[in-house]
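K.L.:
structural data only, the sequence is not supplied:
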């Protein structure tokens, strides 16, 4: 089965709890297999989502917003 990798930039994350919150919300989306966060405390963090299908930008944005953060760029 092939996977799709989606990379987004998220602002406002500062600690491991932030990473956990964002990862948990994204992992709850259908088809998401893994979430890898490159934390840049207080800056723009890079989040790579591995899924079995393409994810809608709105779906990703809503999940990140649910965790309390904002997607500032989507590098689909």
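P.N.:
Arrived safely, thanks for sending. Source: prediction; values computed, not measured. Residues are numbered from 1 along each chain as shown.

K.L.:
quick one: low-confidence parts of this protein?
P.N.:
Scanning the chain for pLDDT under 70 picks out 1, 76.

K.L.:
for the longest helix along the chain, buried residues please.
P.N.:
The longest helix of the chain (DSSP state H) is helix 16-27. For helix 16-27, burial by neighbour count (16 or more other C-beta atoms under 10 Å) applies to 18-19, 21-23, 25-26. Every residue, glycine included, has its C-beta placed from N, CA and C.

K.L.:
can I get those in JSON lines including distance to residue 69?
P.N.:
Formatted as JSON lines, the buried residues of helix 16-27 follow (distance: C-beta to C-beta, whole Å):
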{"residue": "18", "distance to residue 69": "7"}
{"residue": "19", "distance to residue 69": "10"}
{"residue": "21", "distance to residue 69": "8"}
{"residue": "22", "distance to residue 69": "6"}
{"residue": "23", "distance to residue 69": "11"}
{"residue": "25", "distance to residue 69": "9"}
{"residue": "26", "distance to residue 69": "11"}
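
K.L.:
just those now: which is nearest residue 3?
P.N.:
Lowest distance from residue 3 to the buried residues of helix 16-27 (C-beta to C-beta) belongs to residue 26, with 14.3 Å.

K.L.:
report the contact partners of that closest one.
P.N.:
Residue 26 sits next to 32, 35, 47, 49, 60, 63-64 when contact means C-beta atoms under 8 Å, 6 or more residues apart in numbering.
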